[in-house]
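[1] need a 3D model of the following:
(2 chains)
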Amino acid sequence: MTHNSAVTLTYIEFMFDSVKVKAGITQVTRLSARGNAAHVLPAGNPPAGALPVLPALGELLPGGLARGSVVAAGRWSLLCLALAAGASVAGAWCAVAGVPQLGVSAAAGVGLDPARMLLVADPGTAWPQVVASLLDGCELVLLRPPDHAPAQVRRRLEAVLRRCGGVLVVAGDWDGAQARLLVTRQEWAGIEAGHGRLRARRVLVVADGRGAAARPRTQWLWLPGPDGSVGLADQVVTEIQATG
Amino acid sequence: MAVHLTAAGVPPARVLVVRCPDWPVPPDPGRAFEQVVSLVEELCPRVEVLWPGACALGARGPARYFGGEEALAGKIIEAVTGGGFACQVGIADGLFAAQLAARAAAPVTMVAPGQAREFLAPYPVSVLDSAEVAELRPDSAGMTELLPRLGIVTLGDLARLPASQAVNRFGVAGGVAHRLARGLDPRPLAARPPPADLSVSAGFDPPAPLAEPVVFAAKALAERMHAGLAAQGLACVRVQVQVISEDGQEHARLWRHDGLLSALAVAERVRWQLAGWRPDGPRDEAYPGGIVLLRLTPDLLVRAHGRQLGLWGDAVVSDRVARAALRVQAMLGHGAVTRPVAAGGRGPAEQATLVPFGDARDPERSPDRPWPGRIPVPVPATVCQDPLPARVTDATGAPVTVTGRALLSAPPARMSASGGPWLAITAWAGPWPVAERWWRPQAARRRARFQLVTEDGAAWLAAVQDGHWQIEARYD
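    Next up, the predicted model:
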């Protein structure tokens, strides 16, 4: 609470910025810096709870994205963006590291707010440090690791995660991830040989994980739907198509 | 020696005008022209920038120094073309004649002293309307259209009129035009003083092995830099922090400033930069050889007129996010952390502009325009930074082509992206022809887009241009 009010105060001070209030500003900045330090290192009590997910993913991830956890989402695809979208809708900042090919319009389509996104296209060899820094500022970091993460690096990042209470969505594999989602089947609708166009894609997503999430769950989703968003696909139609 | 005074009381000074014919240069002509001006200023200080694309200087002193006006013109042309810019030089009595001389130059035109009136005489009166002299004279209100109808076609005709008649008929504008036609200048050059060096630096002797003393010195340096800027009424958009170690390594980085950072905040950025220089080592480890010099240089100077933050609207970047972004920028560089802004465009790559964190969030193209022919929703999630070369063939194995009238040679049957395995195409849509920017030959392009679905279930956005297939994006 003190942290928040100090930040607000800083902005109000800047609105009337002039030489005369300079002394006041330094004081307030110092205050807010202290508030921040307390926020970044919440010794012992990380923010509890979970980040929300989109309603369509609620069946697959009943509790949302638990803070301090790693979610692996197979290879880079729209599913990674859909996982991050729920938190972004709720007002969280979202950083994307190691994905230079990110389609920003598609991200906006599934619900990510581009105004609250940070992109680090090429984190380079020091990517663990970059991700750790991003986790300090953003509640959700979407990472495509440039190479396989050694166990030591994974443990360090997981420690940072638990301290900050953020969520790491990995586009790739991550040993020891709390939840794992995978697109196992996909079929495009609306396009034929020479006519129509890509209108929507129905995918079968399988989710499993550890602990409470251990039982595998499957769900057919529109990813993307006709307007670019994520929706639940009709189960009945799916089963008919799957058998036929 | 008697100085001949003109009617305006200003002796006809020798003026040299440097003109860059291929201006304006996108995207920022003013900033690019600063390079030309600084090249000229290396030879002779006190240059007046007339507008982005032309500058003027008093020729008498530099000509004496370099051994003649011809030598001076040669030096300037050599310097400016050496910097990669084409230029023309004109030397004459007065700014007006020198500007016209520069325009006629190939690449140097010199009008001998006292010959300005003869040089100007054959020019039509319409040159008084050209943009170059617009600021030299008051608004003429149709004078240049009226003069030819009165039988006064050239500047020579105008100069032959008695001055009183020109003023009687056309007022102040007529008087000024008459003086210009006689080769007299309405005003002397307003040369700017050479720009003051506002950068500040501190040396360390003995070299500082740790970051702490450097950061401490940075705070005092930043205060000096801010004082120097404030004395001139300026603010800097960015500040360059340059660190040199004793073994000759140099590390320079630009930080966003916008006149908002306190000395403490600048020192903080120096600390981040030092930490980012050696990202692997712990913070207190010594730098090899130590740091010998720290320099802060204000970049992109603007007039300081305060700043008003919006009360609501744009997403406010909290301190916490800004700190994280700046720390990553310290490691990887200013451009490494970006924020996307929706932009207008037809292709998938054009629909977003990535703006470095801290810079103004302006899209390259407006997203509010209709952009007919843009790719339909849903849009692809994977956009190739550089389009992948691809091969698409029909059932017989022949490459699929598209004619100028967007007719397909044969239905596509198989494709291979960037030398990968051949995949059978199960569904496809297109061609969707796009002819963009045909009015600008360098940027014009004609292509036909396709959506392709392959046997593995993947969907691709492909385009064919000049007979070559490319993969622009994947619908992952």
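
[2] thought A:Pro146 was touching A:Ala97?
    No. A:Pro146 is not in contact with A:Ala97 according to Cβ atoms under 8 Å; the separation is 9.4 Å. Any C-beta I mention is one placed from the backbone N, CA and C, and that applies to glycine too.

[3] right, quick check: the helix or strand containing A:Gln219 against chain B, any contact?
    Taking DSSP states H and E as the definition, A:Gln219 sits inside strand A:217-222. No. Using Cβ under 8 Å from any Cβ of the partner chain, strand A:217-222 never reaches chain B; the gap is at least 9.6 Å.

[4] which residues are common contacts for A:Pro146 and A:Ala97?
    A:123, A:127 (Cβ atoms under 8 Å, 6 or more residues apart in numbering or on different chains).

[5] so the two - more neighbours on which side?
    With neighbours defined as other Cβ atoms under 10 Å in any protein chain shown, A:Pro146 and A:Ala97 compare such that A:Ala97 has more, 26 against 14.

[6] what's near enough to touch the residue nearest to that one when sequence neighbours are not counted?
    What sits nearest to A:Ala97 in space, not counting adjacent residues and going by Cβ to Cβ, 6 or more residues apart in numbering or on different chains, is A:Val120, at 4.5 Å. Counting by Cβ under 8 Å, 6+ apart, A:Val120 touches A:95-98, A:130, A:134, B:328, B:332, B:336-338.

[7] for these, which one is nearest B:Tyr475?
    The nearest member of those to B:Tyr475, counting by Cβ to Cβ, is A:Val96 at 18.4 Å.

[8] three-state assignment of that closest one?
    strand (DSSP: H, G, I helix; E, B strand; the rest coil).

[9] can you spell out which residues form a bridge with the residue nearest to A:Ala97?
    Per DSSP bridges, the residues bridged to A:Val120 are A:Ala97, B:Val337.

[10] got it, and B:Met415?
    B:Val392, B:Leu423.

[11] and for B:Glu48?
    B:Ala56.

[12] quick one: pLDDT of B:Leu264?
    Listed pLDDT for B:Leu264 reads 82.

[13] now do B:Pro138
    At B:Pro138, pLDDT is 61.

[14] kindly report the same for B:Phe204.
    88.

[15] you'd agree it is up against B:Arg295?
    No. Between B:Phe204 and B:Arg295 there is no contact under Cβ under 8 Å: 11.8 Å.

[16] poorly predicted segments of the stretch 101-250 of chain B, please.
    The stretch 101-250 of chain B contains residues with pLDDT under 70 at B:131-141, B:186-188, B:191-195.

[17] strands along chain A, start to end?
    A:50-51, A:65-66, A:70-72, A:94-97, A:117-120, A:140-143, A:167-170, A:179-191, A:196-209, A:217-222, A:231-232 (DSSP state E).

[18] contacts only, for the residue of chain A found nearest chain B.
    Of the residues in chain A, the one nearest chain B is A:Gly137, at a distance of 2.5 Å by Cβ to the nearest Cβ. Taking Cβ under 8 Å, 6+ apart, we find A:Gly137 in contact with A:93, A:95, A:118, B:320-325.

[19] which one is it nearest to, not counting chain neighbours?
    A:Gly137 sits nearest to B:Ala324 (Cβ to Cβ, 6+ apart), 2.5 Å away.

[20] who are the contact partners of that neighbour?
    Taking Cβ under 8 Å, 6+ apart, we find B:Ala324 in contact with A:95, A:118, A:133-138.

[21] who wins for neighbours among these?
    Busiest of the contacts of B:Ala324 [other Cβ under 10 Å] is A:Leu134, holding 31 neighbours.

[22] would you agree it is in contact with A:Ala95?
    Yes. If you go by Cβ under 8 Å, A:Leu134 and A:Ala95 touch, sitting 4.2 Å apart.

[23] what is in contact with the two at once?
    Contacts common to A:Leu134 and A:Ala95, judged by Cβ under 8 Å, 6+ apart, are A:118, A:120, A:141, B:324.

[24] okay, buried residues for the helix or strand containing the last one please.
    Here B:Ala324 is covered by helix B:319-332, with elements defined by DSSP H and E. Of all the residues in helix B:319-332, those buried under the rule 16 or more other Cβ atoms under 10 Å in any protein chain shown are B:319-321, B:323-332.

[25] likewise stretch B:46-66?
    Under 16+ other Cβ under 10 Å, the buried positions of stretch B:46-66 are B:47-50, B:52-59, B:62-63, B:66.

[26] just stretch A:59-79 next, same as before
    A:60-61, A:64-74, A:76-79.

[27] go on, stretch B:408-419?
    B:408, B:412-417.

[28] returning to what we had before: so for B:Val377, which of the strands of chain A sits nearest?
    strand A:196-209 (9.0 Å).

[29] avg pLDDT for that closest one?
    Mean predicted lDDT for strand A:196-209 stands at 91.

[30] next, the angle from it to strand A:217-222.
    160 degrees (axes from the mean of the first three to the mean of the last three Cα atoms, to 10 degrees).

[31] paired strands for strand A:196-209, with orientation please.
    In its sheet, and by DSSP bridges, strand A:196-209 pairs with strand A:179-191 (antiparallel), strand A:217-222 (antiparallel).

[32] so for B:Ser164, which of these sits nearest?
    strand A:179-191 (82.3 Å).

[33] and that closest one, how far out from the chain's middle?
    Here the centre of mass of C-alpha atoms in strand A:179-191, compared against the chain's by Cα atoms, centre = their mean, to the nearest Å, lies 19 Å away.

[34] would you point out the helix or strand in chain A whose mean pLDDT is lowest?
    helix A:22-40 (a mean of 39; mean pLDDT, DSSP states H and E).

[35] of all of the stretch 101-250 of chain B, which residue lies closest to chain A?
    Residue of the stretch 101-250 of chain B nearest chain A, by Cβ to the nearest Cβ: B:Ala230 (8.5 Å).

[36] just checking, that residue is part of a helix?
    Yes. Assessed with three-state DSSP, B:Ala230 lies in a helix.

[37] quick check: the closest residue to it other than its chain neighbours vs chain A, distance?
    Nearest non-adjacent residue to B:Ala230, counting by Cβ to Cβ, 6+ apart: B:Ala304, 7.2 Å away. B:Ala304 sits 11 Å away from chain A, taking Cβ to the nearest Cβ, to the nearest Å as the criterion.

[38] I'm done for today, thanks for sticking with me.
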